[in-house]
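Participant: how would this look folded up:
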Amino acid sequence: IVKVGKGAVNLPMVCLLTLFCLAGCVGDWPSLRTSSSEGPYQATGIKIGEVTDTQAIVWTRLTQRPERIGNEAPMPLFLYQTPESDQLVEASGGPSYPIDWVPVVQYPEGSSIDSIEGAVTGAAGDTRVLYRAVDANTWQATNWEPVESEQDFTRQFTLTGLSPKTEYELRVEARPSGSEILGSSLDGHFRTAPPPDEPARLVFAATTGTMYPDQDAPEGGFLIHKSMMDLNVDFFVHTGDILYYDLWAKTVDLARWGWARMFSLPTNFEFHRQVPTYFMKDDHDTWQNDTWPTQESLFMGDFTFQDGLELFREQVPMGDLTYRTFRWGQDVQIWLVEGRDYRSANPDPDGSEKTIWGSEQKAWFKNTVEASDATFRILISPTPLVGPDRFDKTDSHANNS
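Facilitator: Numbering: from 1, shown residues only. You can find the predicted model right below:
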């Protein structure tokens, strides 16, 4: 069982297996029409996910500007109306906050969600993916597809029929709706998994708790991203708490602003166009601290638990289920499990029916582990499975209430 950090541990940590090196290269791109200076752009980068030996999902989002709004821009105030006072107050303490506090978001005069620090406003347009193995002469391309404002101007493409254990290069293109002129293009690369009957050495990295204020890279972002790329990792697992909604995601639009602000950081932008990632979610990137589906709270304003579930699938490359398993060659299989969608309420009385995973996920896990012949079967969980944890926590269902 692998669990890397949790909660208050916000600095990324790396868990490594044996190093496997395969040098990638980028060849000449197919001939392209002159790019338009009007965009649309891709300032939030691309994400490559759910890689198997024959498939991958490529995520992109079209934007109005080629770069994020800088750190010199203002930030809104996040204040709260409390039952005890008519005065608006700031939230302090934590990680648990009063459920009867009502948020009030105040933007500085002349600013809006499109002009605050880190803002990356979405844009209409069409997008497609070009891809090929690095030693191939022929490019394959998806169809041009539109992006929709209802999905935050994002689009995900599933690439199928890929060759196992192969380095692929790709280019994601964007254009104004229906135009023949390119607005922008962004290149990337990734490696597919070895076939399940072939021994292969590999390295992967895992992290949790990437809180925005904990940036340590001078250019913006996290130094650990470059360190992982220097190791030439085969894939990366983000085990949840990709961002922390609690104090600022009071509407769907603000939650989306947080995703754009995080993934437009220079180190994140560079890393995710080159390293395939399996994304998992935990409490802080679902809704709020130690959350469960039936939890009631005024603290998150108009942003709901259900909104959090939908936005996660919108903002990362992922299939229908947030629990899944992936095979990497003969020796390694990983299981990525879901700790929020199916859990019982934390305050529920202990008993045989109280659950973190839910019955269907538990049955799936038992069946797939029993069916696996991998040498190393690795469970990666975003949530604690055993306890007791800290004295004031009930999230693992193993603490005193």
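Participant: give me the neighbour count for residue 143.
Facilitator: The number of residues packed near residue 143 is 8, by other C-beta atoms under 10 Å. C-beta coordinates here come from the backbone N, C-alpha and C atoms, glycine included.
Participant: ok, now residue 342?
Facilitator: 19.
Participant: I'd guessed it sits against residue 355; true?
Facilitator: Yes - using C-beta atoms under 8 Å, residue 342 is in contact with residue 355, at 6.9 Å.
Participant: where in the stretch 151-300 of the chain is pLDDT low?
Facilitator: By pLDDT under 70, the stretch 151-300 of the chain contains no weakly predicted segment.
Participant: show me the helices in it, by range?
Facilitator: 223-230, 252-263, 266-272 (DSSP state H, counting those that start in this stretch).
Participant: closest one to residue 132 among those helices?
Facilitator: For those, distance to residue 132 was read as C-beta to C-beta. The smallest value, 20.2 Å, belongs to helix 266-272.
Participant: what is the residue lying closest to residue 145 once chain neighbours are set aside paired to in the beta sheet?
Facilitator: Residue nearest to residue 145 in three dimensions, not counting chain neighbours: residue 155, with 5.5 Å by C-beta to C-beta, 6 or more residues apart in numbering. When bridges are called by DSSP bridges, residue 155 pairs up with residue 60.
Participant: would you mind measuring from residue 155 to residue 322?
Facilitator: Per C-beta to C-beta, to the nearest Å, residue 155 is found 20 Å from residue 322.
Participant: so who does the spatially closest residue to residue 387 that is not a sequence neighbour touch?
Facilitator: In space, and not counting its chain neighbours, residue 387 is closest to residue 398: 2.7 Å by C-beta to C-beta, 6+ apart. Counting by C-beta atoms under 8 Å, 6 or more residues apart in numbering, residue 398 touches 384, 386, 387, 388, 389.
Participant: kindly write the ChimeraX command that selects the buried subset of those residues.
Facilitator: Here is the ChimeraX command that selects the buried residues among these (16 or more other C-beta atoms under 10 Å):
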select :384,389
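Participant: what about the contacts of residue 398, which are in strands?
Facilitator: Using DSSP state E, no member of these falls within strands.
Participant: next, format the contacts of residue 398 as TSV and append distance to residue 302 and pLDDT.
Facilitator: Converted to TSV, these look like this (distance: C-beta to C-beta, whole Å; pLDDT from 0 to 100):
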residue	distance to residue 302	pLDDT
384	30	78
386	36	74
387	34	73
388	35	71
389	31	70
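Participant: what is the nearest of the contacts of residue 398 to residue 293?
Facilitator: When these are compared against residue 293 (criterion: C-beta to C-beta), the nearest one is residue 384, at 18.2 Å.
Participant: so what pLDDT did the closest residue in space to the closest one that isn't next to it in sequence get?
Facilitator: In this structure, residue 384 finds its nearest non-sequential neighbour in residue 396, 3.8 Å apart by C-beta to C-beta, 6+ apart. Residue 396 is assigned 86 on the pLDDT scale.
Participant: quick one, what contacts residue 396?
Facilitator: Here residue 396 is in contact with 356, 383, 384, 385, 386, 387, 388, 389 (C-beta under 8 Å, 6+ apart).
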